[in-house]
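Visitor: got a sequence here, can you model it:
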Amino acid sequence: MALSSDVHQLVQFSLAARGQGVEDKALWYAIESGFQRGKKLYLLSTEELVRLKWAFDGKTKQGTPIFHDILSSLLR
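Guide: Model prediction:
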């Protein structure tokens with residue numbers, strides 16, 4: 001699955017997936033991969049980080065625990 005490497009577009013894509021209730025683990029893994037497992041999160045604004053955290057924290061958490069830890073630590 002090819003996703004854009006533009007991290008800002010990935011945030012928007014994540015929000016859209018959450019809004020549509022997408023629970024496909026492969027999709028969330030691909031989004032997480034686009035952020036290089038958190039290495040590109042520093043490129044996001046605080047607002048984008050909050051939105052991304054919201055997207056990954058849907059009804060059931062998506063992504064890996066380490067990705068959630070990195071997001072949480074950046075928002076502290």
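
Visitor: report the secondary structure state of Ala17.
Guide: What DSSP: H, G, I helix; E, B strand; the rest coil gives for Ala17 is helix.

Visitor: that one reaches Trp28, doesn't it?
Guide: Yes. Here Ala17 reaches Trp28: they are 7.5 Å apart, a contact under Cβ atoms under 8 Å. C-betas here are computed from N, CA, C, even on glycine.

Visitor: show me which of the two is the more surrounded one.
Guide: Each of Ala17 and Trp28 has its neighbours counted (other Cβ atoms under 10 Å); Trp28 has more, 22 against 19.

Visitor: ok, the spatially most central residue of the chain - contacts?
Guide: Closest to where the C-alpha atoms of the chain average out (Cα atoms, centre = their mean) is Leu52, at 4.8 Å. By Cβ atoms under 8 Å, 6 or more residues apart in numbering, Leu52 lies in contact with Val11, Ser14, Leu41, Leu44, Leu71.

Visitor: low-confidence ranges, this protein, go.
Guide: Low-confidence segments of the chain, defined by pLDDT under 70: 1-5.

Visitor: show me where it has its strands.
Guide: Ranges of strands within the chain: none, based on DSSP state E.

Visitor: can you give me the helices for the chain?
Guide: Under the criterion DSSP state H, the chain contains helices at 7-19, 25-34, 46-56, 65-75.

Visitor: send the alpha carbons of stretch 53-70 over as CSV?
Guide: Output of stretch 53-70 as CSV, limited to C-alpha atoms (Å, rounded to 0.1, in the frame of the first residue of the first chain):
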residue,chain,number,x,y,z
LYS,A,53,-3.2,11.1,18.6
TRP,A,54,-7.0,11.5,18.4
ALA,A,55,-7.1,9.6,15.1
PHE,A,56,-5.0,6.7,16.4
ASP,A,57,-7.0,6.5,19.7
GLY,A,58,-10.4,5.7,18.0
LYS,A,59,-12.9,3.3,19.5
THR,A,60,-10.0,0.8,19.5
LYS,A,61,-6.5,2.0,19.5
GLN,A,62,-4.7,1.6,16.1
GLY,A,63,-1.0,1.3,15.5
THR,A,64,1.7,-0.1,17.8
PRO,A,65,2.1,0.7,21.5
ILE,A,66,5.5,2.3,20.8
PHE,A,67,4.0,4.7,18.3
HIS,A,68,1.4,5.7,21.0
ASP,A,69,4.2,6.2,23.5
ILE,A,70,6.1,8.4,21.2
